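J.: Sequence first, predicted model second:
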Amino acid sequence: MTQYRIPFNKPPFLGHELGYVKDSIANAHISGDGAYTRRCHAFLEEKLAIQKALLTTSCTHALEMCALLLDIQPGDEIIVPAFTFVSSVNAFVLRGGAPVFADIRPDTLNLDERVLPQLITKKTRAIVLVHYAGLACEMDAIMSIAREHNIAVVEDNAHGLFARYKGKYLGTFGELATLSFHETKNFTCGEGGALLVNDDSLVDRAEIIREKGTNRSHFFRGQVDKYTWVDVGSSYLPSDMLAAYLYAQFESAAEIQARRQEIWNRYHVDLAEWAAANRVQAPTVPDHVEQSYHLYYLLMPSLPDRTALIQHLKDCGILSVFHYQPLHLSNMGLRFGGRRGDCPVTEDIADRLLRLPFYYSLTPEDQERVIAALQAFTDWQ
Ligand SMILES: *Cc1c(COP(=O)(O)O)cnc(C)c1O
């Protein structure tokens, strides 16, 4: 096995995580909804100015909660970009939902709002969108189309915590939104996520679904004198030890984001001339968008160029990776009627996109090595 001197990702670790985990153990409340979970909820609710944030065991599980909350039934259609992680769609397919794959914009790689009108039918129940790389989708257009047709919007905001669209935080537009704290994300507790509830009428039921279909949260708040089975649900609460780990990172959010911004900007500035000279396309950040600095990608001129560059970087001890394969052409996507040519931008970009090493503890020296290795690449196809 090749040893990569510079990996693609290292989970952030600030140092004070362990103290908080120890404290949660000392508190003798290590199951869900202990003191640190409540701190994480309060942090997200205050920072994003939202009604309700609930930590979950993963973003995938938060998306499953969305499908339950929206009462997705067999045959209901869900519009989802063809260029996203499998969980954005699988969570709805689990309830019997039928995915309808939308193509993406060639500039931001986000769901192309211009294709929405032709994808909406009488059966459309939800638009699940992804703010790719933490750059906002065109929310004004998407929300107005959704409202006009009375369709719910779910923001899979796994990449975009603290990013904004026209000044408003991502994850605060749709009825529901989800976050991921997987180790590849800006903030992590290993495996974890959150559900953000922006529609007040869904708050009560979100708590119930997260607590195995019981009204346990009402009981703990003294709203009922015993708790019982009231709805469908599952167990979506993470351990308070994980919340403790995560809370330590929330407290350092500004520091983590500032460092990620520096890394992103350095790639963007230092590679601009090289990219232009070699027909490599760097990311486009629209003026009305503030991103979350989640990842740095390059669009290579062709698939053979990308393959050759990955190999060249590997020879330099650097791991670079591609990203999502088109969902409509996956084994499952084909079963839902996906065909080559349905989403041409997705099909083109999936073959050419390359992600560079990007993590909080990436040192300036190592970043310099990545940049120098790219500039030394000569094996253009
Ligand atoms: C990481 C990711 C997920 C899944 O997150 P988990 O917390 O691992 O379940 C879902 N959607 C997108 C867009 C992601 O990047």
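T.: Looks like it came in fine.

J.: Now do the longest strand seen in the chain: which elements does it pack against?
T.: Secondary structure assigned by DSSP state E gives strand 124-130 as the longest strand of the chain. Packing partners of strand 124-130 (3 or more Cβ pairs under 8 Å, 6 or more residues apart in numbering; DSSP states H and E): helix 59-69, strand 77-81, helix 87-93, helix 139-149, strand 152-156. No exception for glycine: its C-beta is placed from N, CA and C like everyone else's.

J.: Tell me the strands beside that strand, with direction?
T.: Using DSSP bridges, the strands paired with strand 124-130 are strand 77-81 (parallel), strand 152-156 (parallel).

J.: can you list the residues of the protein near the ligand?
T.: 58-60, 84-85, 87-88, 130, 156, 158-159, 180, 182, 193 (Cβ under 6 Å from any ligand atom).

J.: quick one: furthest residue from the center of the chain?
T.: Asp225 (38.4 Å; Cα atoms, centre = their mean).

J.: Would you mind measuring from Leu63 to Gly193?
T.: According to Cβ to Cβ, to the nearest Å, Leu63 stands 8 Å off from Gly193.

J.: Quick check: neighbours shared by those two?
T.: Thr178 (Cβ atoms under 8 Å, 6 or more residues apart in numbering).

J.: Name the helix or strand of the chain that has the lowest mean pLDDT.
T.: Lowest by mean pLDDT, DSSP states H and E among the helices and strands of the chain is helix 216-220, with a mean of 87.

J.: and Glu290, backbone torsions?
T.: Backbone torsions of Glu290, given as degrees, to the nearest 10, read phi -110, psi 120.

J.: With Glu113 instead?
T.: Main-chain torsions, Glu113, degrees, to the nearest 10: phi -60, psi -20.

J.: Read off the pLDDT value for the nearest residue to it once chain neighbours are set aside.
T.: Closest residue to Glu113 apart from its sequence neighbours, by Cβ to Cβ, 6 or more residues apart in numbering: Ala141 at 4.2 Å. Ala141 is assigned 98 on the pLDDT scale.

J.: since we're on the closest residue to Ser302 other than its chain neighbours, how many residues are nearby?
T.: Once flanking residues are discounted, Ser302 sits nearest to Gln381: 6.1 Å by Cβ to Cβ, 6+ apart. Neighbour count of Gln381, defined by other Cβ atoms under 10 Å: 12.

J.: which residues touch Gln381?
T.: So Gln381 contacts 302, 304-305, 307-308 (Cβ under 8 Å, 6+ apart).

J.: I only care about these that end up buried; give me the PyMOL line for that.
T.: The buried residues among those can be selected in PyMOL (16 or more other Cβ atoms under 10 Å) with this line:
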select buried, resi 305+307+308
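
J.: so of the contacts of Gln381, which ones are in helices?
T.: By the criterion of DSSP state H, membership of the contacts of Gln381 in helices covers 304-305, 307-308.

J.: Tabulate the contacts of Gln381 (TSV), appending pLDDT.
T.: Compiled in TSV, the contacts of Gln381 are given as follows (pLDDT from 0 to 100):
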residue	pLDDT
Ser302	98
Pro304	98
Asp305	98
Thr307	98
Ala308	98
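
J.: Identify the residue nearest the residue nearest the centre of the chain in space, chain neighbours excluded?
T.: To find the centre residue of the chain, average its C-alpha atoms and take the closest one (Cα atoms, centre = their mean): that gives Ala158, at 1.7 Å. The shortest distance from Ala158 to any non-neighbouring residue, by Cβ to Cβ, 6+ apart, is to Ser180 (3.8 Å).

J.: Same question for Ile25.
T.: Spatial nearest neighbour of Ile25, chain neighbours left out: Met241 (6.8 Å); criterion: Cβ to Cβ, 6+ apart.

J.: can you tell me how far that neighbour sits from Ile6?
T.: Counting by Cβ to Cβ, the gap from Met241 to Ile6 is 31 Å.
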